[in-house]
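Colleague: Show me the folded form of this:
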Amino acid sequence: MEADFVIVGAGSAGCAMAYRLSAAGASVLVIEHGGTDRGPFIQMPAALSYPMNMPLYDWGYQSEPEPHLGGRRLATPRGKVIGGSSSINGMVYVRGHARDFDAWAGLGADGWSYADVLPYFRRMENWHDGGHGGDAAWRGQDGPLHVTRGPRTNPLHHAFVEAGRQAGYEVTADYNGEKQEGFGPMEQTIWKGRRWSAANAYLRPALKRPNCDLIRAFARRVVTEDRRATGVEVEHGGRIRVIRARREVILAASSINSPKLLLLSGIGPAAELAAHGIPLVADRPGVGKNLQDHLELYLQMAASQPVTLYKHWNLLSKALIGAQWLFTRTGLGASNQFESAAFVRSAPGVEYPDIQYHFLPIAVRYDGQAAAEGHGFQAHVGPMRSASRGQITLKSADPKDAPGILFNYMSHEKDWSDFRTCIRLTREIFAQDAFRPFIRHEIQPGETVQTDDELNDFIREHVESAYHPSCSCRMGRRDDPMAVVDPECRVIGVDNLRLADSSVFPVITNGNINAPSIMVGEKASDHILGVSPLAPVNDRPWISPRWQTEQR
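Modeller: Next comes the predicted model:
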């Protein structure tokens with residue numbers, strides 16, 4: 001079995017590349033270990049808490065005991081299913097801020113500034129404003145990826161945005177357009193009531209072409225000959241075989257599994273590979289390093305009116321919602337319920353937003369456990385630009401063993417002060433008149449938790465991953481010893497091997513990372529095909545004229 005291009009991973013970037021490469025006439029074979037994404041647990045947006053907690057769809061990774069979080073092991077879900085993590089995520093669509101990509105270019109990712117990537121965001125988008133306004137000139141209207149907005153019929157969504165305005169913050173009609181900073185509607189990868197994953201947007205159309213195929217197999221390592229990738233060793237049908245690539249092997253297996261595969265293939269820090277008896281192919285000390293993520297807290301409020309989604313948090317209501325969705329693709333099942341958002345700056349002197357909010361009109365955890373208080377609502381809040389860095393390592397040379405994942409969360413004092421700021425700013429927002437008719441009291445942290453030490457204890461015990469692992473095989477110039485791929489996504493030191501997924505981010509972007517992961521796949525496709533990149537677009541983002549002196 002062989003193809004021009006062999007892609008490992010049918011996730012966000014892998015699906016995009018399969019679509020673009022096959023459209024150009026090349027033969028493409030996608031290797032995916034996970035199974036089908038068909039079924040209501042994945043396709044029904046409101047069921048999002050289920051797939052990321054199901055071994056059928058999730059690799060089930062956990063971090064190593066985190067030394068700055070009291071030894072807690074945090075869940076690190078990654079999609080083990082067609083569509084990858086785009087099939088188990090929260091369906092939130094955030095491009096990232098323009099300055100994020102300018103920072104990429106400043107760190108050696110030449111050709112990946114905001115002006116360079118904006119045309120690829122436009123190419124991939126099929127944007128619908130849902131009657132809420134926005135920046136149509138900044139958006140794409142005919143791409144494969146439908147981007148929509150929820151109905152925002154719950155009054156708490158409007159209270160959240162109005163409370164932000166009352167607290168002195170900006171309001172934005174489109175945080176993915178010119179102006180990220182402010183409170184406004186959140187965008188979703190949902191179309192006609194269905195999760196619009198990378199599989200639905202890209203892979204299914206690609207598989208209708210005669211030159212694109214999918215094989216369900218477990219990738220063990222990249223096969224190389226004289227420092228040139230020639231194929232992928234897989235376990236398929238109970239036996240080990242090699243799938244040959246006539247032109248290139250492309251890794252798109254996630255920020256966890258892509259570095260793991262490189263290490264298993266002899267590409268990584270020489271000493272680490274020698275410790276596991278893996279023959280060295282290319283000494284790249286940056287493989288698995290620079291690992292980044294976003295952390296978040298849920299600030300929960302008990303509601304004084306029964307306007308929250310808690311009234312539906314029972315078996316009968318869930319069954320009725322599911323039945324309505326199954327037959328009509330409408331109703332509460334057709335939204336992820338994340339319909340309002342905010343991006344704000346934490347302090348004067350911060351040029352662009354470094355705090356993100358998701359608002360949810362129920363007090364509930366990602367694992368589906370509702371607050372014991374009953375009716376309530378919550379804001380998910382977290383800093384966007386932590387200086388903490390972790391790593392992915394091998395525990396053994398056995399491909400079936402899970403890798404070691406250590407994020408080193410909260411390893412800088414600024415992480416703690418940033419989270420305390422997040423809590424205090426959120427309490428101020430909830431104290432605005434817009435929320436006065438709806439709030440009974442604070443559930444968590446709880447009104448008695450006030451001092452720095454008390455807040456630190458709460459953070460240490462309750463902070464959770466926002467599930468945005470990235471940056472573990474960062475992009476940079478070829479003479480950078482810690483870069484793993486060059487700006488054309490070529491793995492440095494090995495010919496005919498590329499890597500294109502969230503691993504290659506030099507630094508994590510503002511907000512959820514599915515959109516920039518797909519963008520990486522889109523742009524990498526042009527580099528792989530050897531065509532000229534799309535022409536840069538020099539639209540300038542909105543930056544507060546008072547950012548140097550005012551926080552809002």
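Colleague: Now do the residue lying closest to residue 81 once chain neighbours are set aside against residue 261, distance only.
Modeller: Of all residues not flanking residue 81 in the chain, residue 34 sits nearest, at 3.9 Å (C-beta to C-beta, 6 or more residues apart in numbering). Yep, even glycine has a C-beta here, placed from its N, CA and C like the rest. To residue 261, residue 34 is 15 Å away according to C-beta to C-beta, to the nearest Å.
Colleague: now residue 446: how far from residue 80?
Modeller: Residue 446 is 37 Å from residue 80, by C-beta to C-beta.
Colleague: One more: residue 503?
Modeller: Taking C-beta to C-beta, one finds residue 503 at 17 Å from residue 80.
Colleague: same deal with residue 128?
Modeller: 30 Å.
Colleague: higher neighbour count, the two?
Modeller: Between residue 128 and residue 80, counting by other C-beta atoms under 10 Å, residue 80 is the more crowded of the two (25 against 17).
Colleague: show me what contacts the more buried one?
Modeller: For residue 80, the contacting residues are 33-35, 56-59, by C-beta atoms under 8 Å, 6 or more residues apart in numbering.
Colleague: what sits against residue 400?
Modeller: residue 218.
Colleague: Could you tell me how many residues sit around residue 202?
Modeller: As a burial measure, residue 202 scores 30 neighbours (other C-beta under 10 Å).
Colleague: Repeat that for residue 464.
Modeller: A count of neighbours around residue 464, defined by other C-beta under 10 Å, yields 17.
Colleague: So, low pLDDT: which residues of this protein?
Modeller: 366-372 (pLDDT under 70).
Colleague: longest strand anywhere in it?
Modeller: Taking DSSP state E as the assignment, the strand of the chain that covers the most residues is strand 239-251.
Colleague: And that strand, what's buried?
Modeller: 243, 245, 248-251 (16 or more other C-beta atoms under 10 Å).
Colleague: I'd say the residue nearest to residue 81 and residue 10 touch.
Modeller: Yes. Applying C-beta atoms under 8 Å as the test, residue 34 and residue 10 come out as touching, 7.5 Å apart.
Colleague: quick one, strands of the stretch 101-250 of the chain?
Modeller: Secondary structure of the stretch 101-250 of the chain (DSSP state E, counting those that start in this stretch): strands at 125-127, 145-149, 182-185, 187-188, 190-191, 194-195, 212-216, 218-224, 229-236, 239-251.
Colleague: now swap in the stretch 401-550 of the chain and tell me
Modeller: For the stretch 401-550 of the chain, the strands defined by DSSP E, counting those that start in this stretch occupy 404-406, 439-444, 464-465, 497-499.
Colleague: Of all those, which one is nearest residue 385?
Modeller: Of all these, strand 464-465 sits nearest to residue 385, with 15.9 Å by C-beta to C-beta.
Colleague: Quick check: neighbours of that closest one in the sheet, parallel or antiparallel?
Modeller: In the sheet, strand 464-465 lines up against strand 295-303 (antiparallel) (DSSP bridges).
Colleague: now the angle from the strand it pairs with to strand 439-444?
Modeller: 150 degrees (axes from the mean of the first three to the mean of the last three C-alpha atoms, to 10 degrees).
Colleague: which one among the contacts of residue 80 gets closest to residue 298?
Modeller: Nearest to residue 298 among these is residue 58, at 20.6 Å by C-beta to C-beta.
Colleague: To what extent is that closest one buried, counted in neighbours?
Modeller: By other C-beta under 10 Å, the residues close to residue 58 number 21.
Colleague: Which positions in the longest helix seen in the chain come out as buried?
Modeller: If you go by DSSP state H, the chain has its longest helix at helix 413-430. Using 16+ other C-beta under 10 Å as the test for burial, helix 413-430 gives 415-423, 425-427, 429-430.
Colleague: Centre of the chain to that helix, how far?
Modeller: Offset of helix 413-430 from its chain centre (C-alpha atoms, centre = their mean, to the nearest Å): 23 Å.
Colleague: Can I get that helix as PDB, trimmed to CA atoms?
Modeller: Extracted as PDB, the C-alpha positions of helix 413-430 are listed here (Å, rounded to 0.1, in the frame of the first residue of the first chain):
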ATOM      1  CA  GLU A 413       4.900  33.400  40.200                       C
ATOM      2  CA  LYS A 414       3.100  35.500  37.500                       C
ATOM      3  CA  ASP A 415       0.800  32.500  36.800                       C
ATOM      4  CA  TRP A 416      -0.500  32.800  40.300                       C
ATOM      5  CA  SER A 417      -1.000  36.600  40.200                       C
ATOM      6  CA  ASP A 418      -2.600  36.300  36.800                       C
ATOM      7  CA  PHE A 419      -5.200  33.900  38.100                       C
ATOM      8  CA  ARG A 420      -5.900  35.900  41.100                       C
ATOM      9  CA  THR A 421      -6.500  38.900  38.800                       C
ATOM     10  CA  CYS A 422      -8.900  36.700  36.700                       C
ATOM     11  CA  ILE A 423     -10.900  35.900  39.800                       C
ATOM     12  CA  ARG A 424     -11.100  39.400  41.000                       C
ATOM     13  CA  LEU A 425     -12.000  40.900  37.600                       C
ATOM     14  CA  THR A 426     -14.700  38.200  37.200                       C
ATOM     15  CA  ARG A 427     -16.300  39.000  40.600                       C
ATOM     16  CA  GLU A 428     -16.400  42.600  39.600                       C
ATOM     17  CA  ILE A 429     -18.200  41.700  36.300                       C
ATOM     18  CA  PHE A 430     -20.800  39.600  38.200                       C
END
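Colleague: Cool, thanks, talk later.
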